[in-house]
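**Student:** coords please:
(chains A and B)
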Amino acid sequence: MNTHKFYIKGTKCQSCKIIIEEELSTMESVSEVNVDLNSKSISIAMLDNDNQENFIDAANRRLKDHGYVIDITADNKKFNKWRDLILGAIISILFIIGFQQLQNLGLDSSIGSPAQSLLAPFVIGLIASVSTCLAVVGGLVLTLSSHYAKSEGTWRPQLSFHIGRLISFVILGGLLGVVGSIFQFSVYSHAIVAIIVSAFMLFNGVSLIDGFNIAPKFSFSGVFLKMAMQYSKLTSNTLIPFIVGFITFFLPCGFTQSMQLFALQTGSFQQSSLIMLSFALGTLPTLILISYTSLTFSKSKYAPIFFNAAACVIIFLAIEGIYNALVILNLI
Amino acid sequence: MATAISAVIISNRTSDDMKASTANIIQGAEGNSQHIKIKAKGGFYPPLTEAKANTKTIIDVQTDNTFDCSATLVIPALKISRNLPPSGATSIEIPPQPAGSTLRAICAMNMYEFKINFKS
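**Tutor:** Residues are numbered from 1 along each chain as shown, chains lettered A, B, ... in the order given. Prediction:
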């Protein structure tokens, strides 16, 4: 005996459920019928492996006079997929335009000197986190948040990411003070890192598009994650986000680099470390906001729209990131 | 869809109908060198300069508590990149440029740019 799930169209009231159940249970191959008006679905236990299409034809002949139609797929399921994608795309466009308007406010030129106190790097971090740097690091946070929100939905990967980033800025930031320019990459190395990160984001963005099953056949990050998951869930949920957070130190963000230059000149591990930590803490509120919003939306009924909007933003940022890197490398 | 949107937004960044400035240029004594002054803070100013072609050219970049992207100057075509000090002047010499050419300089994230048109 097999139980199949079908979808029904044309139901208007409670009595429809009774009518349909009665009508269909008189069919030979049917042993049990259960209609769920809320989800417009029918669960039918069939006695033998009747061909689905034949069964549907026969069932529809009986239901036609009542005005019902039974089908394998929900009538509105395809509509929902496209609706959610378009809504998500519109939201992402609004967000991108709003973000560009934010840049036009010219917050960047209002920065004061960090020589005064540790408060200054913190403020610079705050400003950086709503500037174009948001596209770089924020985009990565959004990618990670959405990915983990979809697969397991806890705060642990997000926390690992943020801790990884802070520890990286403390340690590598401090090392800048003593060892200096070893950790200062050239603009070209930054561009290469940007291309790699953007490719990672692009693959993830495409796989986030909800309901269409367009996960790319081969995804480097996907392979990497699968390998890690073979080790232990701990690795993939904790270690990988931690590592990604750690490498944000090397992402091309003009603010980060200028702070690194400033920290470098102090010549002291402690001072350099404090400056970079202060800067990283300044970027924290915005990044946490992204993590938290992603997690909250992913659990709500707006989840499909959220994932589509996130996917569009991530794909846009990834393409822009690759474009900018190619410009730096003089390839465009 | 996202690709199309990206293309539209990226192409809207640069506008070609800016007025070229010449006020920021100091010509050398015998006319065989020129200094172009550029301010780097929250962007590069002026965004478009008209300078002499086939002339030794030095770009003097002035920063003033600059911690944003303008602190990282890149001229991709000449493979020049400099991390500018937060405050101060940095001189960058570039080879004489042919007439009719345009040199484009950007910050490390391609957020800000300035151009120099070289006219004979």
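
**Student:** please, where are all the helices along chain B?
**Tutor:** B:2-11 (DSSP state H).

**Student:** give me the mean pLDDT for stretch A:87-97.
**Tutor:** Mean pLDDT, stretch A:87-97: 90.

**Student:** how about it: buried residues?
**Tutor:** A:87-89, A:91-93, A:96 (16 or more other CB atoms under 10 Å in any protein chain shown). (Glycine included, C-beta is placed from N, CA and C.)

**Student:** please apply the same query to stretch A:319-326.
**Tutor:** Judged by neighbour count (16+ other CB under 10 Å), stretch A:319-326 contains these buried residues: A:319-322, A:324-326.

**Student:** got a pLDDT number for the residue nearest to residue B:110 when sequence neighbours are not counted?
**Tutor:** Nearest residue to residue B:110, sequence neighbours excluded (CB to CB, 6 or more residues apart in numbering or on different chains): residue A:324, at 3.8 Å. Residue A:324 is assigned a pLDDT of 92 by the prediction.

**Student:** could you do the one 3 residues further on as well?
**Tutor:** Looking at residue A:327, its pLDDT is 94.

**Student:** and the gap between it and chain B?
**Tutor:** Per CB to the nearest CB, to the nearest Å, residue A:327 is found 5 Å from chain B.

**Student:** just give the closest residue to that residue, not the sequence neighbours.
**Tutor:** Leaving aside its chain neighbours, residue A:327 sits nearest to residue B:110 (5.0 Å; criterion: CB to CB, 6+ apart).

**Student:** thinking again about what came up before, filter the buried residues of stretch A:87-97 by proximity to chain B?
**Tutor:** A:89, A:92-93, A:96 (CB under 8 Å from any CB of the partner chain).

**Student:** now these as JSON lines including secondary structure and distance to residue A:120?
**Tutor:** Below are those laid out as JSON lines (DSSP: H, G, I helix; E, B strand; the rest coil; distance: CB to CB, whole Å):
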{"residue": "A:89", "secondary structure": "helix", "distance to residue A:120": "39"}
{"residue": "A:92", "secondary structure": "helix", "distance to residue A:120": "34"}
{"residue": "A:93", "secondary structure": "helix", "distance to residue A:120": "35"}
{"residue": "A:96", "secondary structure": "helix", "distance to residue A:120": "30"}
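
**Student:** any idea which of the buried residues of stretch A:87-97 is closest to residue A:103?
**Tutor:** residue A:96 (11.0 Å; CB to CB).

**Student:** which SSE is the nearest residue to that closest one once chain neighbours are set aside in?
**Tutor:** Take residue A:96 and drop its neighbours on the chain: the residue closest to it by CB to CB, 6+ apart is residue A:316, 6.0 Å away. Following DSSP states H and E, one finds residue A:316 within helix A:303-328.

**Student:** residues near the residue nearest to residue A:96, how many?
**Tutor:** 25 (other CB atoms under 10 Å in any protein chain shown).

**Student:** give me the pLDDT value at it.
**Tutor:** Per-residue pLDDT puts residue A:316 at 91.

**Student:** run through chain A and note the low-pLDDT ranges.
**Tutor:** Filtered on pLDDT under 70, chain A yields the residue ranges A:1, A:48-50, A:73-78, A:110-116, A:152-153, A:181, A:183-184, A:210-235.

**Student:** so it: which segments form each domain?
**Tutor:** Domain assignment for chain A by automatic domain parsing gives A:2-73, A:77-328.

**Student:** ranking these by burial, who's on top?
**Tutor:** Among the domains of chain A, domain A:77-328 has the highest mean neighbour count (mean count of other CB atoms under 10 Å in any protein chain shown), at a mean of 19.

**Student:** how far is it from where the chain is centred?
**Tutor:** Its chain's C-alpha centre and that of domain A:77-328 lie 11 Å apart, by CA atoms, centre = their mean, to the nearest Å.

**Student:** next: stretch B:113-120.
**Tutor:** 8 Å.

**Student:** I'd say residue A:103 and residue A:127 touch.
**Tutor:** No. Contact criterion CB atoms under 8 Å: residue A:103 and residue A:127 do not qualify, at 11.2 Å.

**Student:** all the strands of chain B, residue numbers only.
**Tutor:** All strands of chain B, identified by DSSP state E, fall at B:25-27, B:33-40, B:44-45, B:48-52, B:56-63, B:72-75, B:80-83, B:88-94, B:102-107, B:113-119.

**Student:** could you dump the fourth one to CSV, C-alpha only?
**Tutor:** Extracted in CSV, the C-alpha atoms of strand B:48-52 (Å, rounded to 0.1, in the frame of the first residue of the first chain):
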residue,chain,number,x,y,z
LEU,B,48,38.9,65.4,-14.2
THR,B,49,42.0,67.3,-15.1
GLU,B,50,43.3,68.5,-18.4
ALA,B,51,47.1,68.4,-18.7
LYS,B,52,49.8,68.6,-21.3
